[in-house]
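**Student:** Sequence and predicted structure below; questions after.
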Amino acid sequence: MIAIRQSSQRGHANHGWLDTSHTFSFANYYDPKHMGFGALRVINEDRVSPGKGFGSHGHQDMEILTYVLSGALAHKDSMGNVETLFANDLQRMTAGTGIVHSEFNGSRTEPVHFLQIWLEPAVNGLPPSYQQLSLTEKQKLGKLLLVASPEGGGPLKIHQDVQVLIGQVEAGAELVHPLAPGRQAWVHVIRGAATVNGQPLATGDAAAITGEPAVTLAGTDAITEVLVCDLA
């Protein structure tokens, strides 16, 4: 079974400095039919104006992944991490018992565009921790690259039974990700266009896949980049 979540169906807010789209209920956007998907609780697509950002604020008991699509994102947190992330960089934070962080556009002239993904952890009260990963276009092309998983199976460790994959498929090519029995997947098209298990999706569209043996992506644009979450 495949259920399509079109980009235009997402919650949307434009605060001037922040243009944001919410796949699932978040902040002032509430839709009881879209509260999450398994352990996947948030996929926000954010565009932040030059020099603006999110001031210091706290989180607890959440796995937070940030994937920069363009621009520069300046990060600072209560664990002592001070980093600037650029396109193709990923950041993982385990909020655990509590963290305070800020995320600002690291440029005074160019906007920053990124995805923020929240996963509910398998257990609460974990020690806060941080990891960072840099990808290349070559690493992503023609494959679904495992970027995060539990128990260190992927480069970034998340404390939940979820595999997070990012990849790019060219027009006319196909990528297949098998799903073990009882697993489900959320597919989000970051850019481009593809068919997902036979259904056409474009930039910002997503699909919930349940009861299927695999996720099959067929590229219909020059380069299509996707995020895949394989969940219990």
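**Tutor:** Arrived safely.

**Student:** What ranges does this protein have for its helices?
**Tutor:** In the chain, helices defined by DSSP state H lie at 137-140, listed in chain order.

**Student:** from memory residue 104 sits against residue 52, does it?
**Tutor:** Yes. Assessed by CB atoms under 8 Å, residue 104 is found in contact with residue 52 at 7.0 Å. Quick note: C-beta positions are derived from backbone N, CA and C, even for glycine.

**Student:** These two - which one has more neighbours?
**Tutor:** residue 104 (19 against 15; other CB atoms under 10 Å).

**Student:** From residue 133, how far out is that one?
**Tutor:** 20 Å (CB to CB, to the nearest Å).

**Student:** swap in residue 82?
**Tutor:** Applying CB to CB to residue 82 and residue 133 gives a distance of 17 Å.

**Student:** Settle it for me: which of the two has more neighbours?
**Tutor:** residue 133 (17 against 8).

**Student:** Domain-wise, how is the chain divided?
**Tutor:** 11-135, 138-231 (automatic domain parsing).

**Student:** Tell me, how many residues neighbour the residue lying closest to residue 88 once chain neighbours are set aside?
**Tutor:** Once flanking residues are discounted, residue 88 sits nearest to residue 135: 4.4 Å by CB to CB, 6 or more residues apart in numbering. Number of residues near residue 135 (other CB under 10 Å) recorded here: 16.

**Student:** For residue 135, give me phi and psi.
**Tutor:** phi -110, psi 170 (degrees, to the nearest 10).

**Student:** Let me know the pLDDT of it.
**Tutor:** Reported pLDDT at residue 135 in the predicted model: 97.

**Student:** Cross-check the contact I'm expecting between it and residue 166.
**Tutor:** Yes. Using CB under 8 Å, residue 135 is in contact with residue 166, at 7.1 Å.

**Student:** coming back round to it: out of the domains of the chain, which is closest to residue 4?
**Tutor:** domain 138-231 (5.5 Å; CB to CB).

**Student:** Figure out how far that closest one is from the centre of its chain.
**Tutor:** Distance of domain 138-231 from the chain centroid (CA atoms, centre = their mean, to the nearest Å) equals 11 Å.

**Student:** How about stretch 99-116?
**Tutor:** On CA atoms, centre = their mean, the centre of stretch 99-116 falls 15 Å from that of its chain.

**Student:** what does stretch 48-64 give?
**Tutor:** With CA atoms, centre = their mean, you get 15 Å for stretch 48-64.

**Student:** Would you mind listing the buried residues in that stretch?
**Tutor:** For stretch 48-64, burial by neighbour count (16 or more other CB atoms under 10 Å) applies to 48-50, 53, 59, 61-64.

**Student:** Among those residues, list the two that are farthest apart in space.
**Tutor:** Of all pairs in the buried residues of stretch 48-64, the most separated under CB to CB is 50 and 61 at 32.8 Å.

**Student:** what's the overlap in contacts for residue 135 and residue 166?
**Tutor:** Counting by CB atoms under 8 Å, 6 or more residues apart in numbering, the shared contacts of residue 135 and residue 166 are 145, 147.
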